[in-house]
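In: Quick one, structure for this:
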Amino acid sequence: MALKISLRPHERIIIGDAVIMNGDVRAHFVIENNVPVLREKDIMSEKDAHSPCRRIYFVVQLMYVDGRNLADHHRTYWDLVGEILKAAPSMLPYIDQINRHILGQRYYQALKVARKLIEYEQEVINRVYSTTRSI
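Out: Purely as a prediction, here's the structure:
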């Protein structure tokens, strides 16, 4: 099934392992084969992976677009998961969902759950912060 894409002026997209930046006008095109695609709003740079759950998202993103180094990305992912679960076992339901997607090689779906994990991480941080402020 083909994927129809519409890019705003100057919007970036990753298609396969290529980063593409649109020109000055809206562009429309169709991707006819099965290749990883990430729109700019879903792309996280390494410098933005500044929390444990953001690092999870970043490494899953690498699994999705950089299949040549998949074994390395998997090792990094499992190391991060171990650290996160030691610090915050309440994240296990999200991690379990991400794990199932990764093991099924459904990396885009894993990214969507990782986005929810980042939101949950922020909720936990906010709770801890508000608790310590009230002491």
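In: how is the protein carved up into domains?
Out: Using automatic domain parsing, the domain parsing of the chain gives 3-41, 44-134.
In: hey, which of those is tucked in deepest?
Out: Counting by mean count of other Cβ atoms under 10 Å, domain 44-134 has the highest mean neighbour count of these, with a mean of 16. Every residue, glycine included, has its C-beta placed from N, CA and C.
In: Run the chain-centre distance for that domain.
Out: Relative to the mean C-alpha coordinate of its chain, domain 44-134 is positioned 8 Å out (Cα atoms, centre = their mean, to the nearest Å).
In: I'd like the average pLDDT over it.
Out: Domain 44-134 shows a mean pLDDT of 93.
In: what do you get for stretch 6-13?
Out: pLDDT averaged over stretch 6-13 gives 94.
In: For it, give me every contacting residue.
Out: Stretch 6-13 has contacts (Cβ atoms under 8 Å, 6 or more residues apart in numbering) with 5, 19-28, 37-40, 43.
In: Next, the residue lying closest to residue 21 once chain neighbours are set aside: phi, psi?
Out: Spatially, and ignoring its direct neighbours in sequence, residue 21 is nearest to residue 12 (5.0 Å; Cβ to Cβ, 6 or more residues apart in numbering). Main-chain dihedrals, residue 12, degrees, to the nearest 10: phi -100, psi 160.
In: I'm done for today, thanks for sticking with me.
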